[in-house]
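# Predicted model follows, preceded by the sequence.
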Amino acid sequence: MRRGYRMLASLALGTAFLSPALIAGCASGHARMYDAGYGDYHTWDANENVYYVQWEANTHRDHQDFKRRNADEQKEYWTWRHSNQKDDRHDNDHH
């Protein structure tokens, strides 16, 4: 019984120390995504994710991480996104 308690206590302590680092990593989860069709960059954050989930629902797609979608689907998303843009949160870095 004591051994199980020690293992549980160690696991709880390890989780307590790791949680802030994991939460901080997720909280700063902004990425710049390049839109080849329009030649610009978009900041992928919680706001962009809302649009992405809306696009998936509107186009009757199962949820899938954007990076895992093929190039044609990514292009389709960015085309849809530009036509449904309510805020101008993309970076106009034309590289």
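Yep, it's here.

# shaky segments in the protein?
Flagging of the chain using pLDDT under 70 yields the residue ranges 1-29, 86-95.

# if you set the cut-off to 80 instead, what comes out?
Counting by pLDDT under 80, the chain contains low-confidence residues at 1-30, 85-95.

# where along it do the strands fall?
31-35, 40-44, 90-91 (DSSP state E).

# Turn these into TSV, including distance to residue 61.
For every residue, glycine as well, the C-beta is placed using N, CA and C. Rendered in TSV, the data for the strands of the chain read as follows (distance: least, C-beta to C-beta, whole Å):
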stretch	distance to residue 61
strand 31-35	18
strand 40-44	17
strand 90-91	22
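
# Dump those into a markdown table; add distance to residue 69 and mean neighbour count as well.
Formatted as a markdown table, the strands of the chain follow (distance: least, C-beta to C-beta, whole Å; neighbours: other C-beta atoms under 10 Å):
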| stretch | distance to residue 69 | mean neighbour count |
| --- | --- | --- |
| strand 31-35 | 11 | 14 |
| strand 40-44 | 13 | 17 |
| strand 90-91 | 18 | 16 |
